[in-house]
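Q: have a look at this prediction, sequence included:
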Amino acid sequence: MSDVNTAMVQKYRNDFLKEVEENVEEGHWVKMCMQCGVCSGSCPFGPDWDHPPQEIFMMIRAGKRDEVLTTESMWMCTSCYNCIVRCPRELPITHIMHGLANYAHRLGIAPKMNPTRRFAKIFWNNIAKTGRVNELALSLKLYFMDGFMSGVKNALAMASVGIGMLKTKRLNPFALISHKGVKNPKELHVLLKKAREIEDRRKGIAS
Amino acid sequence: MAKKEYSFYPGCSSERKASASNYMVSVDAMCEKLDIKLNEIPDWNCCGASIGYAEGGELPRHVMNARNIALSEQNNPDQDIVATCAACWLGAKETADRLDASEQLLADTKEVLKEAGLDIHLKNETPIRHMVEVLIEDIGYEGLKEPMVKSLEGIKFAGYVGCQTNRPFGIDGESFENPMYLDKMVETVGGEAITDYDKKVTCCGGALAFSEPEKSQKQIKDIIEAAYDQGADMIVTPCPVCQMNVEVYQDQINKHYGTKFHIPVTYYSQLLTVAYCGNAKEAGLDGNIIRAKQLEEIAAK
Ligand code: SF4
Ligand code: SF4
Ligand code: SF4
Ligand code: SF4
C-alpha cells in the first residue's frame, strides 16, 4: 500500500463519505443520491460493471472504502453521459466516476492491469509532452504496452486498420520525428506541473 | 450574406494526416460555400479528451482548456469559439462552466496561467459552440439550402448522433433521446433520413475502443447492424471519434462475428460539400476508408 493511501486512511478514519466529498471531483454530490437506480441501467458496458454507479454511491455511504477504490467498475465508464441527463437528482455521475477512478489511481490502489487506466496514462503523457496528440506514437505505445511479442501480435491485429488510415492519409507515418505540438512545450510543462502541485496541495496529497 | 467569423478550435484529430483530417477538409470546403470564416486559435493545445481525467486530474485538465480559451479571447476577441469535435467542445465547455461556478478553481487556474502570462487574457466569457450549432442556429436550415446545387436524392442515411454531441449539453431545442437536427440536415440537401434510426444516440465506446476493444466492438456492431436493418446506404455523423470507431473496426467485427459489414461512415460536412457542388477531394471523400461511392458519383456529375 502506498504512503499517500495510508495517510488518507488515517486522516479520515472510518468516514469514507467525507473523504470522497473532500477529495473526489464532484464528490460532494454523493449524498444527494436517492438510490433510484436509473443510472445503473444507463452504462453501455453495464454488464461488465461489478458495481454500477448507484451501488457505488451506496457503498461510499456504507464506508466500503477498499471495495470502491479497488474495483474496475469506474474504469468501464465510456463518458457517454446517459446517466447525467437521466438522473432525477441531477448528480454529475460521469464526473464522480472519473473522479473516483482518478483518486484511486493517485492513491496507487487502482487495479494495476486495468487497460483503460494504463491507456489513460499513456494518453495523458502523450499530450502533455507536446500539447497535442501524436496518434502514431500513441498507437505504438499502446500496442507495445505488454512487451514486444504481444505488441507485435496486437499491431498485426490492427494492421488492416493502420494501413487503411495510411492509405487515406489519416495517419502520418513520420509523426515520430515530424510531429509538432504547441510552440513552447516547456512552458506547457511548467503550467501542468504547477497545476498538479496546487491540486495536490488542495487535496492534501504530498507527491 | 455577411461573412460570419468564429474563433476555431480544430482539435488534434483534425490536424493534417491525423485520423479526422478528411473531416477538416470537408469543413473547410463547406464553410467557404457558406461564407463562414474560421480563425484558428493560435498555438492551441489538446483539450485532454474524455480520457484525460485519469492521469491528468482536475486542475491540469482545466488549465489545458483555459489556456485555449485565454488564447482565443486574446487573439480572436468577440468571436465565439467553435469546435468540430464533440470531445473538444465538451472539454472546453465543461471547463468554462466549472470556472464560472467556482471562484477558487478560477483563481487557481489563473495562478497557473500566470506562468505563461495568459491569466490577464482569461475572461471566460466566450460562448463555446459546436459547428452544428453554428449551422442550424446562425445559418439556419433555409440558409443551408441556399448554396445547394445538387440533391443527394436516392441515398438513405442513418444519422448517428452518438453521445457527446448530444449529452450532457446537447443542441438547444433537441431531445437527448431523439435529436432531429442531423436528419433535418440530410433532408435539407435532398437525402433520405431514417428518422427513427434505432441506435441514433447509442454510445460506441468512445476512447475505450482502444482499451476495451471487445466491449466497444459489441456496441459498434449493434450500431451498424441497426443501420443495415433499417435500410441505410450509409451512416452520417457529426463526431470524429464516432466516425473513426464505426468505420475502421468493421473488418475486425466481421472476423469476430461473421458479419459482412461494409458500410461507409460520412460526416455531415461531406454531405453539404457535395450538395454545394464540391468535388470528391474537397469533400474529403478520398479519406473514407470504406468509400462512399454514391456520394462520389454525385460529386463527379
Ligand atoms: S440516477 Fe441519480 S439518484 Fe438515481 S441512483 Fe443514480 S445517482 Fe442516484
Ligand atoms: S457516463 Fe459513465 S457512468 Fe454514466 S452512463 Fe455512461 S458509462 Fe455509465
Ligand atoms: S478531444 Fe480529441 S481531438 Fe479534441 S483536442 Fe482532445 S484529443 Fe484532440
Ligand atoms: S458515440 Fe462514441 S465517439 Fe461519439 S461521442 Fe459518443 S462515445 Fe464519443
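A: Looks like it came in fine. Residues are numbered from 1 along each chain as shown, chains lettered A, B, ... in the order given. Ligands and ions are numbered 1, 2, ... in the order given.
Q: contacting residues around residue 86?
A: No chain in the question, so chain A it is. By Cβ atoms under 8 Å, 6 or more residues apart in numbering or on different chains, A:R86 lies in contact with A:38-39, A:42. Using the backbone N, CA and C atoms, a C-beta is placed for each residue, glycine as well.
Q: sorry, I should have been clearer: chain B.
A: By Cβ under 8 Å, 6+ apart, the contact set of B:A86 is B:130, B:162-165, B:238-242.
Q: among those residues, which are in strands?
A: Those of the contacts of B:A86 mapping onto strands are B:H130, per DSSP state E.
Q: distance to B:C47 added to the contacts of B:A86, as TSV?
A: Output for the contacts of B:A86, formatted as TSV (distance: Cβ to Cβ, whole Å):
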residue	distance to B:C47
B:H130	13
B:G162	17
B:C163	16
B:Q164	12
B:T165	15
B:P238	17
B:C239	14
B:P240	13
B:V241	12
B:C242	17
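Q: please identify which of the contacts of B:A86 is nearest to A:E25.
A: B:Q164 (18.1 Å; Cβ to Cβ).
Q: what about the closest one, neighbour count?
A: B:Q164: 27 surrounding residues under other Cβ atoms under 10 Å in any protein chain shown.
Q: that one and B:C239 touch, don't they?
A: Yes. Between B:Q164 and B:C239 a contact is recorded at 6.5 Å, counting by Cβ atoms under 8 Å.
Q: just to revisit the earlier point, among the contacts of A:R86, which are within reach of ligand 1?
A: For ligand 1, the contacts drawn from the contacts of A:R86 by Cβ under 6 Å from any ligand atom are A:38-39.
Q: residues from the stretch 101-250 of chain B in reach of chain A?
A: With the criterion set to Cβ under 8 Å from any Cβ of the partner chain, the stretch 101-250 of chain B comes near chain A through B:108, B:111-113, B:115-116, B:163-164, B:167-168, B:170, B:176, B:202-203, B:205-208, B:210-212, B:215-216, B:219, B:248-249.
Q: just give me the least confident of the contacts of B:A86.
A: Here the lowest pLDDT out of those sits on B:V241, with 82.
Q: ok, that one to A:I127 distance?
A: Distance from B:V241 to A:I127, counting by Cβ to Cβ, to the nearest Å: 15 Å.
Q: just the helices in chain B please.
A: Assigned by DSSP state H, chain B shows helices spanning B:21-33, B:53-56, B:58-75, B:86-101, B:103-113, B:131-133, B:140-145, B:181-188, B:208-211, B:213-229, B:240-248, B:250-257, B:268-275, B:293-300.
Q: identify the residue spatially nearest to A:P44, adjacent ones excluded.
A: Closest residue to A:P44 apart from its sequence neighbours, by Cβ to Cβ, 6 or more residues apart in numbering or on different chains: B:C203 at 4.3 Å.
Q: the one you found - how many residues pack around it?
A: As a burial measure, B:C203 scores 26 neighbours (other Cβ under 10 Å).
Q: which stretches in chain A count as helices?
A: For chain A, helices defined by DSSP H occupy the ranges A:3-12, A:16-23, A:53-61, A:65-70, A:82-86, A:93-107, A:115-130, A:135-143, A:148-157, A:159-167, A:175-178, A:185-203.
Q: for those helices, which one ends up most surrounded?
A: Stretch with highest mean neighbour count among the helices of chain A: helix A:93-107 (a mean of 25; mean count of other Cβ atoms under 10 Å in any protein chain shown).
Q: and that helix, C-alpha only, in CSV?
A: C-alpha atoms of helix A:93-107 as CSV (Å, rounded to 0.1, in the frame of the first residue of the first chain):
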residue,chain,number,x,y,z
ILE,A,93,-22.4,10.9,-12.2
THR,A,94,-19.9,10.8,-15.1
HIS,A,95,-17.6,13.2,-13.3
ILE,A,96,-17.9,11.4,-10.0
MET,A,97,-16.9,8.1,-11.7
HIS,A,98,-13.9,9.9,-13.4
GLY,A,99,-13.1,11.5,-10.0
LEU,A,100,-13.2,8.2,-8.2
ALA,A,101,-11.0,6.5,-10.8
ASN,A,102,-8.5,9.4,-10.7
TYR,A,103,-8.4,9.4,-6.9
ALA,A,104,-7.8,5.6,-6.7
HIS,A,105,-5.1,6.0,-9.3
ARG,A,106,-3.4,8.8,-7.4
LEU,A,107,-3.5,6.8,-4.2
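Q: residue ranges with poor pLDDT in the chain?
A: Chain wasn't specified; assuming chain A. Residues of chain A that meet the criterion pLDDT under 70 lie in A:1-2, A:133-180, A:206-207.
Q: my question was about chain B
A: For chain B, residues meeting the criterion pLDDT under 70 lie at B:1-2, B:13-18, B:49-51.
Q: for ligand 2, what's its nearest residue on it.
A: Per Cβ to the nearest ligand atom, B:C203 is where chain B lies closest to ligand 2, at 6.7 Å.
Q: what about that residue, distance to B:L122?
A: 33 Å.
Q: could you do B:E5 as well?
A: 21 Å.
Q: more neighbours: which of the two?
A: B:L122 (21 against 15).
Q: mind listing what that one touches?
A: B:L122 neighbours (Cβ under 8 Å, 6+ apart): B:66, B:69-70, B:73, B:109-110, B:113.
Q: surely A:V30 and A:R61 touch.
A: Yes. With contacts counted by Cβ under 8 Å, A:V30 reaches A:R61, the gap being 7.3 Å.
Q: what is in contact with those two at once?
A: Both A:V30 and A:R61 are contacted by A:L17, under the criterion Cβ under 8 Å, 6+ apart.
Q: what number of residues lie near B:Y141?
A: With other Cβ under 10 Å as criterion, B:Y141 counts 13.
Q: neighbours around the closest residue to it other than its chain neighbours, how many?
A: Counting by Cβ to Cβ, 6+ apart, the nearest residue to B:Y141 once its immediate chain neighbours are dropped is B:T188, at 5.2 Å. B:T188 is flanked by 22 other residues according to other Cβ under 10 Å.
Q: could you save the contacts of B:A86 as a markdown table and add columns showing distance to ligand 2?
A: Putting the contacts of B:A86 into a markdown table (distance: Cβ to the nearest ligand atom, whole Å) gives the following:
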| residue | distance to ligand 2 |
| --- | --- |
| B:H130 | 19 |
| B:G162 | 12 |
| B:C163 | 8 |
| B:Q164 | 10 |
| B:T165 | 15 |
| B:P238 | 19 |
| B:C239 | 16 |
| B:P240 | 19 |
| B:V241 | 15 |
| B:C242 | 15 |
